[in-house]
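# Quick one: sequence plus predicted model below, questions after.
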Amino acid sequence: MSGSRSARSRETRSRPGEGRPVPLPVVKVVLRNPRRELDMPGPLTVSALLQRLEVNPESVLVIQGDTLVTRDGRLDDADVVEIRPVTSGGAA
Amino acid sequence: MKCRVCREPAVIDVRRHNAAFCRDHFLRHCSEQVRRAIKDHDMIHPGERILVAVSGGKDSLALWELLVELGYAADGLYLGLGIGEYSEASGHAARTFAHARGFKLHEVDLAADFGYDIPDAAAATHRAPCGACGLSKRHLFNAVAVEHGYDVVATGHNLDDEAAVLLGNVLRWEPGYLGRQHPVLPARPGFVRKVKPLYRMGERETAAYCVLRGIDYQVEECPMAEGNRHLGYKEVLDALEERSPGAKASFLFGFLDRAHDRFTDDADVEREGLQACMVCGSPTTGEVCAFCRLRERVGSPVDDPG
């Protein structure tokens, strides 16, 4: 799981004509099964993020660092969150 | 959102309880759900030894942690299923968890100990791999518990698992299965008691428990379970739950409170006539138990019971 601090340092770039890196104006979203990443324009709430991705909130956790974010939690640019499915298939 | 108990910022909402919790009060909520499940159904008696069926996933690791935290003597059993990288990662998660806590973990490997794995079994039986997997697990968890003198096998079946199984049993009106679907299956000759202490917790809660406790579980889904019927039932129930929080709990708990008893006779009929399997000695209704029949079909060498 990526912490937001280390992710911030990775997610920078230089604007043309400027030497100083600035944070990307996006929320970095990590998806699982299979693992992949996408960028979403922030700020937005967890609820809005899940709605945009058409993910049922009952079937996932939204993880930021070593804690969880509730549906009303606000995600700002340069935040990194993982949307982790919680549904497992074994019925034995 | 604020924690229902202390009004500090919440980390998770549990909509069926119309509540949100901070980390510490959520962990207490989980512990209370398990304590209540055990008490309500008289699952574990003082001094009993428990064998936890450990897959390396969120449910079994959360269960093991919660049982030990509640003071129970619980060891684990990991079953190597031979499903490629998935099994390697699952085994690693189970071993790492047990080692870090000094818990005792038994291991059985299907390929090394019985000469087949789940992909072999699925190919040989021309059936969904989940059937052979479940059959192997049920047989071996019980057999190891009997062999090592455990009183109880505890599995990580959660509220979502049980609600999905119930939906499947109702859709097909399986009276025998409905009669056996319960948080406790009592011990019988040749079988130790089986309990499901997580049946009051949703799988979102067991996953949250692991994240908040720093338990590194196997997140990836079993590749052989992809698209199975059970996952379809869960998807339907999740959609219902999103529209009507508490629907899954009402469905399952209502069945247990008001309907389960109506099917116990059907389950008892199916259990009649148990005898020892002529190959391995385990109790079975036929001459040869289903596990030994599976081994025969996959060409696995079998031993006499001795």
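Nice, thanks for sending it over.
# Just confirm yes or no for whatever helix or strand residue B:94 lives in near chain A.
Residue B:94 belongs to helix B:84-101 when assigned by DSSP states H and E. No: residues of helix B:84-101 are not located near chain A by Cβ under 8 Å from any Cβ of the partner chain, the shortest gap being 11.1 Å. The C-beta positions use only the backbone N, C-alpha and C, and glycine is treated the same way.
# contacting residues around that helix?
Among residues not part of helix B:84-101, those counted as contacts by Cβ atoms under 8 Å, 6 or more residues apart in numbering or on different chains are B:54-57, B:60-61, B:64-65, B:68, B:76, B:78, B:80-81, B:103-105, B:107, B:215-218, B:220, B:222-223.
# Mind checking which of the residues you listed are in helices?
When DSSP state H defines the helices, the subset of the contacts of helix B:84-101 inside them is B:60, B:61, B:64, B:65, B:68.
# my read is residue B:165 is in a helix, agree?
Yes: if the criterion is DSSP: H, G, I helix; E, B strand; the rest coil, then residue B:165 is within a helix.
# That one and residue B:178 touch, don't they?
No: Residue B:165 lies out of contact with residue B:178 (Cβ atoms under 8 Å); the separation is 9.8 Å.
# shared neighbours of these two, anything?
Common contacts of residue B:165 and residue B:178, defined by Cβ under 8 Å, 6+ apart, are absent altogether.
# residues from chain A in reach of chain B?
With Cβ under 8 Å from any Cβ as the criterion, chain A meets chain B at residues A:32-33, A:56-61, A:63, A:66-72, A:84-92.
# Just the ones of those residues in strands?
Secondary structure defined by DSSP state E assigns A:60, A:61, A:63, A:67, A:68, A:84, A:85 of those to strands.
# count of neighbours near the last one?
Residues within reach of residue A:85, counting by other Cβ atoms under 10 Å in any protein chain shown, total 19.
# likewise the first one?
Burial of residue A:60 is recorded as 22 neighbouring residues (other Cβ under 10 Å).
# so what's it up against?
For residue A:60, the contacting residues are A:50, A:83, A:84, A:85, A:86, B:204, by Cβ under 8 Å, 6+ apart.
# Most neighbours out of those, which is it?
Taking other Cβ under 10 Å as the neighbour criterion, residue B:204 ranks highest of the contacts of residue A:60 with 27 neighbours.
# and that one, helix, strand or coil?
Using three-state DSSP, the structure places residue B:204 in helix.
# Contacts only, for the closest residue to it other than its chain neighbours.
The shortest distance from residue B:204 to any non-neighbouring residue, by Cβ to Cβ, 6 or more residues apart in numbering or on different chains, is to residue A:86 (4.8 Å). Contacts for residue A:86 (Cβ under 8 Å, 6+ apart) come out as A:59, A:60, A:61, B:58, B:203, B:204, B:206, B:207.
# Closest one of those to residue B:193?
For the contacts of residue A:86, the closest approach to residue B:193 (Cβ to Cβ) belongs to residue B:206, at 21.7 Å.
# Hmm, that closest one is touching residue B:157, no?
No: using Cβ under 8 Å, residue B:206 is not in contact with residue B:157, being 10.4 Å away.
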